[in-house]
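Student: Pasting the sequence and the predicted model now:
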Amino acid sequence: MPLGVHLTRRDLWRPGVRVLNRGGVANADVLLIQRPGMPGAVVKDYGERSAAVRALLAPLLVRRELALLRRLEGLPGVPRPLGRLDRLALVMEHVDGHPLDRSTDAHALQDAFFDALQGILDGLAVRGLCYLDLRSSSNVVRTPTDAPALVDLASATVVWVPIWLRRWLERRSLAKLRSRFLAARYPRGGGQKPTPAARLQASGHDVRAGRLRLRYRDAGRVEDPNPMVLVHDVGLSSATFLPLLEAAASSERRVVALDLAGCGGSARPNSGYGLRRQARDLVCFLRALRLGPVDLVGWGFGGLIARAARARDARGIRSVAVIDPPDAELREPFWRRWQAARQGPERVRALLSAEIERSTDPVVADVLTAALAGTAGRVLVAPYRSLRVRGDPPQLAERALGAEPDLRLRSSGELPIESPERLWAELMNLGVR
């Protein structure tokens with residue numbers, strides 16, 4: 001492969017892989033590969049699809065998209081092809097940036113961005129191709145210099161019509177994309193620019209993990225062989241761990257924080273919020289992101305989920321740390337929440353709201369408050385009702401506690417942790433054991 005990129009299929013499961021998009025029934029997984037001493041590369045891999053797709057459809061799609069990339073090689077705003085990894089995967093240049101998102105980019109994009117995108121589409125038309133899949137704005141990347149790039153060329157087609165007609169079709173498609181972003185910028189009724197809390201709440205990535213679409217935040221060094229995965233408490237979101245995510249940017253660790261099912265930006269199924277099901281979802285999440293042996297950190301009920309997940313997948317979880325964990329003998333605040341769940345979801349919501357109000361970061365508090373307000377009542381009570389508590393004093397069944405954690409930590413009860421530096425040092429020490 002050119003550009004000094006030499007990959008094998010085994011490399012797709014080693015540290016240094018970040019899942020950009022999890023494919024569906026007949027779509028490829030899109031992976032970012034970053035290794036020391038080599039430029040970043042994007043792999044579109046069909047290796048995890050069904051046997052029928054791998055045998056019949058995937059080789060055709062790989063050859064077709066690679067041919068389109070070679071046809072467009074040298075066109076600004078289009079990634080360069082780097083070749084085939086094998087018959088089920090192709091490799092292309094990584095374009096630094098993030099997919100367009102109306103919630104975060106609508107107020108930042110200028111007309112020059114869409115004009116430059118029109119120039120890319122005109123370049124495709126000159127080379128005999130037509131690109132009409134701008135309905136999915138995630139196919140367009142906004143680079144750090146506010147320039148556009150097209151990253152999914154599988155939607156480009158060869159159309160044997162006059163060039164003026166191809167350009168007209170593409171400009172019509174681009175006009176629809178521009179109008180959607182203008183509508184997000186100026187909503188009906190006179191909208192305002194999103195607040196920092198609103199932008200923060202909408203940030204993150206989505207991945208399909210088993211039955212669910214889960215939202216997560218990813219920060220730090222992608223080459224970390226043992227990423228740290230953070231699991232929040234019931235009713236909150238991954239914003240709970242923003243101090244640790246910010247600290248990861250200047251550290252040697254990779255930190256991934258997910259929104260549990262029904263919380264934050266994740267999907268909200270009608271059922272499946274018990275401890276066992278959430279542990280299974282967490283294991284599916286780790287496998288969907290192709291994360292190696294990880295260090296799990298769970299807060300409150302998230303600690304129970306982390307321990308139960310380790311009992312299900314001991315090889316994929318290297319260590320477990322719990323913050324404010326429930327013990328066999330229930331104590332505050334977990335005992336108070338378990339009692340509140342028996343009274344109804346609004347009682348649990350009131351307890352969580354009181355804890356959020358003590359947050360030392362007003363932006364994080366706003367994000368958590370918004371997430372809690374949008375959380376369905378069943379999400380707040382079902383996890384606690386799935387636990388069996390007996391005896392006096394109340395005892396949690398040993399089966400619910402799961403695997404024994406490697407590290408137990410206590411916080412001051414504030415959200416976020418009042419001293420992230422101390423906690424970060426503790427977790428760093430745990431991770432290098």
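Tutor: It's in.
Student: Please count neighbours and contacts with C-alpha atoms only from this point.
Tutor: Will do.
Student: can I assume R171 sits in a helix?
Tutor: Yes - under DSSP: H, G, I helix; E, B strand; the rest coil, R171 sits within a helix.
Student: ok, how many other residues are close to R18?
Tutor: Using other Cα atoms under 10 Å, R18 is surrounded by 20 other residues.
Student: Please identify the helix or strand for it.
Tutor: Assigned by DSSP states H and E, R18 falls within strand 17-21.
Student: In its sheet, which strands sit next to the helix or strand that that strand is followed by, and in what direction?
Tutor: Going down the chain from strand 17-21, the next helix or strand is strand 29-33, by DSSP H and E. Next to strand 29-33 in the sheet, as set by DSSP bridges, lie strand 17-21 (antiparallel), strand 41-45 (antiparallel).
Student: what's next to strand 29-33, contact-wise?
Tutor: Counting contacts by Cα atoms under 8 Å, 6 or more residues apart in numbering, the residues outside strand 29-33 that touch it are 12, 16-23, 40-46, 48, 94.
Student: Which parts of the protein belong to which domain?
Tutor: 9-93, 98-185, 198-431 (automatic domain parsing).
Student: would you list the ones you listed in JSON lines and tack on mean pLDDT?
Tutor: Shown next, in JSON lines, are those (pLDDT from 0 to 100):
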{"stretch": "domain 9-93", "mean pLDDT": "90"}
{"stretch": "domain 98-185", "mean pLDDT": "80"}
{"stretch": "domain 198-431", "mean pLDDT": "83"}
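Student: and W164, how many residues sit next to it?
Tutor: 11.
Student: If we go by neighbour counts, what in the host helix or strand of it is buried?
Tutor: If you go by DSSP H and E, W164 is part of helix 163-185. For helix 163-185, the neighbour count (16 or more other Cα atoms under 10 Å) marks 163, 166-167, 170-171, 173-174, 177-178, 180-181, 184-185 as buried.
Student: tell me the most buried of the strands paired with strand 29-33?
Tutor: strand 41-45 (a mean of 25; mean count of other Cα atoms under 10 Å).
Student: Give me the contact list for that one.
Tutor: With Cα under 8 Å, 6+ apart as the test, strand 41-45 has contacts from 5, 28-34, 88-94.
Student: Same question for stretch 302-310.
Tutor: Contact with stretch 302-310 is made by 231-234, 275-276, 278-280, 282-283, 296-298, 316-317, 320-323, 325-326, 400-405, as judged by Cα under 8 Å, 6+ apart.
Student: Which strand runs longest in this structure?
Tutor: As assigned by DSSP state E, the longest strand anywhere in the chain is strand 212-220.
Student: Provide the contact partners of that strand at residue level.
Tutor: 203-208, 238, 245-246, 248-261, 264-267, 269, 281, 285.
Student: Restricted to strands, list those.
Tutor: 205-208, 254-258.
Student: Can you identify the element that follows the one helix or strand R310 maps to toward the C-terminus?
Tutor: Taking DSSP H and E as the criterion, the element that holds R310 is helix 301-312. Tracing the chain C-terminally past helix 301-312 and defining elements by DSSP H and E, one meets strand 317-323 next.
Student: Tell me where the stretch 51-200 of the chain has strands.
Tutor: Using DSSP state E, counting those that start in this stretch, the strands found in the stretch 51-200 of the chain span residues 81-86, 89-93, 98-99, 129-131, 140-142, 148-150, 156-158.
Student: Reformat these as JSON lines; add distance to L352.
Tutor: Below are those laid out as JSON lines (distance: least, Cα to Cα, whole Å):
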{"stretch": "strand 81-86", "distance to L352": "49"}
{"stretch": "strand 89-93", "distance to L352": "45"}
{"stretch": "strand 98-99", "distance to L352": "33"}
{"stretch": "strand 129-131", "distance to L352": "48"}
{"stretch": "strand 140-142", "distance to L352": "37"}
{"stretch": "strand 148-150", "distance to L352": "42"}
{"stretch": "strand 156-158", "distance to L352": "49"}
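Student: Output those in TSV; the columns should cover distance to A58 and mean neighbour count.
Tutor: Below are the strands of the stretch 51-200 of the chain laid out as TSV (distance: least, Cα to Cα, whole Å; neighbours: other Cα atoms under 10 Å):
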stretch	distance to A58	mean neighbour count
strand 81-86	11	20
strand 89-93	8	24
strand 98-99	24	18
strand 129-131	21	24
strand 140-142	23	21
strand 148-150	21	25
strand 156-158	17	16
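Student: just so I know, which of the ones you listed lies nearest A373?
Tutor: Nearest of the strands of the stretch 51-200 of the chain to A373, taken as Cα to Cα: strand 98-99 at 27.7 Å.
Student: Quick one: list the elements packing against that closest one.
Tutor: strand 140-142 (3 or more Cα pairs under 8 Å, 6 or more residues apart in numbering; DSSP states H and E).
Student: what's in contact with the strand it packs on?
Tutor: 95, 97-100, 134, 148-152.
Student: Show me what it pairs with in its sheet, parallel or antiparallel.
Tutor: Checking strand 140-142 against DSSP bridges gives partners strand 98-99 (antiparallel), strand 148-150 (antiparallel).
Student: who are the neighbours in contact with R180?
Tutor: Here R180 is in contact with R102 (Cα under 8 Å, 6+ apart).
Student: One more: L57?
Tutor: A26.
Student: try P405
Tutor: 307, 319-322.
Student: helix, strand or coil for it?
Tutor: P405 - assigned by three-state DSSP - is coil.
Student: what's the spacing between it and D295?
Tutor: With distances taken as Cα to Cα, to the nearest Å, P405 is found 11 Å from D295.
Student: Which residues are in contact with each of the two?
Tutor: Common contacts of P405 and D295 (Cα under 8 Å, 6+ apart): 319-321.
Student: can you pick the most crowded of these?
Tutor: V320 leads these on contacts (other Cα under 10 Å) with 26 neighbours.
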